[in-house]
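> Provide a 3D model corresponding to the input given below.
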Amino acid sequence: MIIDRMDKPHLSRAHSLEVLKQMVRIRRFEDKCAELYTQEKIRGFMHLYDGEEAVAVGVISALESRDRVVTTYREHGHALVRGVPMAEVMAEMYGKREGCSGGRGGSMHLFDQRTNFYGGNAIVGGGIPLAVGLALADHMRGQDVVTACFFGDGAVAEGEFHEGLNLASLWSLPVMFVCENNLYAMGTALEISEAETDLHLKAKSYKIDSEIVDGMDVVAVEAAARQAIHAIRTTGKPQFLECRTYRFRAHSMFDAQLYRTKEEVETWRKRDPIHRFEHWLVENNIIHSDEIASMGRDVEAEIENAVAFAESGTWEPVDDLTRFVYSPERPAPPAMPSVPSSGGVETTYREAVAAALCEALHRDPRVFLMGEDVGRYGGCYAVSKGLLAEFGPDRIRDTPLSESGFTGAGIGAAIAGMRPIVELMTVNFSLLALDQILNTAATLRHMSGNQFGVPVVIRMATGAGRQLAAQHSHSLEGWYAHIPGLRVLAPATLEDARGMLWTALQEPDPVLIFENVMLYNRSGPLAPDAGAVDIDHAVVRRPGKDITLITYGGSLWKTLKAADELANAGIEAEVVDLRSLRPLDTATITASVAKTRRSVIVDEGWRSGSLAAEIGMRLVENVFWNLDAPLARVCSEEVPIPYPRHLEEAAIPQIEKIVIAAKMAIGIA
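Now for the predicted structure:
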């Protein structure tokens, strides 16, 4: 049942007036935004909050300044109540650089670090794992902070909703989940999309205390929020509020509203939260009509000033287009030896990665490892074996099989100042987390105007060669190298396997590390004191003068063996190990090819749309007139990787294919 708390809380006159004013601010601000949208001064998607004001005001009024707010794309009201200046919100709607996100986020992506406002999210349900991660960071540091996470009823159908709630409950995280149930996910009614329309029961299924609240009653919402926040601060466990509300306007300014009747809207308008609360205040002699009129004038003046501020704002120069794709402040790269250390201890690639993890956990208390089977099982490839016993379950976190949920949580924890290492068991599983990697990790710094960075490291196994067939043999690192905002690494040597991780953990931006499955058992000498390595530059692994072989990761050793065979034929091949796939070290690549005047690119990705194609185009752009032969590439065949060994070997680059391609480039049949 809906709990009516209208007469339960004690409301001071000052607080009552502030609550009413905040709801009026939201309503009139949104009305103005709708007007400006029709004048084409605000563009893109715009989702207005009319009718739902009681939820934002009721919940956020109960929060402390230290608490965090994560919201959805209908977030103008949340931002205003949280204290983001109206002028800056309006300027952001215009896309001006004086906006709260520097003009880079727009209507759906308002951010404000000063008020712990972690922004709207245009991906339905996408903010839920982020909120879980913020709360995880506070939980691990023992901080008395609550994260309030707003989302609509449509989000409860998303996997990230279920993954996020499960993690929050499993780990007892201080999150207040606030479902703004306005009965429609865009244009689809709740009873059409959900088998269970009592949404709070979904939270109960994850053992989260939940409650239905009249979302058109600001006093009821605030009372429920205060009770939930008190419970979170007392127990550390999450809480769930289903606020049943209604939006009076369309889903967005593009919405013709053909899915609901005017009569339905008018019926809900009779429960308008502003009129309802205002009437109650007047009836109880808490406010008078002249004060209401004065309040309206104050709000109109604030809106007028906000519009003037936005109108007079400046456009960011086109020269600044790529600003804040990455942090403008990075640590200086460590020195890197040009050749592997000699006289070291015999070590496997697996052991080198494990040593890097252990060292990072010892050196920085903010570092923790999370992923599927990283703890008790010791990792799918036994990389993290023994770490649980040494560092405990708080820092070696076994997760459910919920890649989007725990990857998003790692991203949120990174934003909050931790240094998580997220392990995705295999690269194909990473596709389940692609939303969080692409839409949050890679974009947040840019969209927030450099207010929030995401210093997360995500590790995953990649590549074919173990007869795991089509669903476990992908080489998708080239896909991720396509995404601005990420750094993508492919360590091939023992030195890089150990040293890249620590360097990556110093980065202020997200770093993806791809570990080829065929390298884990590879062994060789590694200096006991091997340290961090430079992750910005490619390196020449073998000098030569006749042709440049460009490769990375698991194909490096095949390429070096191909160079040995070519040497036996009198061809001196130079081998360049890319090491970093994004950003590419174009300078090293082009310098080598300008010298040798020929090149073969070896890439385990499929040929069409491959990283090899990108490298080839860069060579054409930079050293075309230096070339003595067409560029060539050796990639995986255009086929899902087969299970039989002979077919698998035929599908991926091999030494013989590299040798043949190099000889053809030189003109030897």
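> Could you pull out the helices in the stretch 351-500 of the chain for me?
Assigned by DSSP state H, counting those that start in this stretch, the stretch 351-500 of the chain shows helices spanning 387-391, 403-415, 434-435, 444-447, 477-480, 494-505.
> quick one: low-confidence ranges for the stretch 451-600 of the chain?
Along the stretch 451-600 of the chain, no part satisfies pLDDT under 70.
> Give me the nearest residue to R522, chain neighbours excluded.
Closest residue in space to R522, ignoring its immediate chain neighbours: Y349 at 4.8 Å, by Cβ to Cβ, 6 or more residues apart in numbering. Bear in mind the C-beta positions are built from the backbone N, C-alpha and C, glycine included.
> That neighbour contacts V517, correct?
No: taking contacts as Cβ atoms under 8 Å, Y349 lies outside contact range of V517: 10.2 Å.
> Which residue of those two possesses the greater neighbour count?
Shown here are Y349 and V517; by other Cβ atoms under 10 Å, Y349 has more neighbours (26 against 20).
> which residues does the more buried one contact?
Residues near Y349 by Cβ atoms under 8 Å, 6 or more residues apart in numbering: L494, A497, E515, L519, Y520, N521, R522, S523.
> Which of these fall in helices?
Judged by DSSP state H, the contacts of Y349 include L494, A497 as members of helices.
> ok, so of the contacts of Y349, who is nearest T188?
E515 (42.0 Å; Cβ to Cβ).
> Okay, and the beta partners of the residue nearest to the closest one when sequence neighbours are not counted?
Nearest residue to E515 in three dimensions, chain neighbours excluded: A461, at 5.4 Å (Cβ to Cβ, 6+ apart). Under DSSP bridges, the beta-bridge partners of A461 are T426, E515.
> So G236 sits against S169, correct?
No: shown here, G236 and S169 do not form a contact pair, counting by Cβ under 8 Å, at 11.4 Å.
> Mind checking which of these two has more residues around it?
Taking neighbours as other Cβ under 10 Å, G236 and S169 compare with S169 leading, 19 against 16.
> Tell me the pLDDT of the more buried one.
Predicted confidence (pLDDT) at S169: the value is 98.
> contacting residues for it?
Contact analysis of S169 by Cβ under 8 Å, 6+ apart lists Y206, K207, I208, K237, P238.
> returning to that earlier point: from R487, how far off is the residue nearest to R522?
21 Å (Cβ to Cβ, to the nearest Å).
> Scan the protein for its longest helix.
Determined from DSSP H, the single longest helix within the chain is helix 13-38.
> next structured bit after that helix?
Counting by DSSP states H and E, the next helix or strand C-terminal to helix 13-38 is helix 53-60.
> what's the angle between that following helix and helix 13-38?
130 degrees (axes from the mean of the first three to the mean of the last three Cα atoms, to 10 degrees).
> The closest residue to V57 other than its chain neighbours and D67, how far apart?
Using Cβ to Cβ, 6+ apart and skipping residues adjacent in sequence, the residue nearest V57 is Q22, 4.6 Å away. Going from Q22 to D67 by Cβ to Cβ gives 17 Å.
> and stretch 551-558, how far from the chain's centre?
Relative to its parent chain, stretch 551-558 has a centroid offset of 29 Å by Cα atoms, centre = their mean, to the nearest Å.
> Can you give me the end-to-end span of that stretch?
End-to-end distance of stretch 551-558: 10 Å, with Cα to Cα, to the nearest Å as the criterion.
> Over to stretch 620-630?
10 Å.
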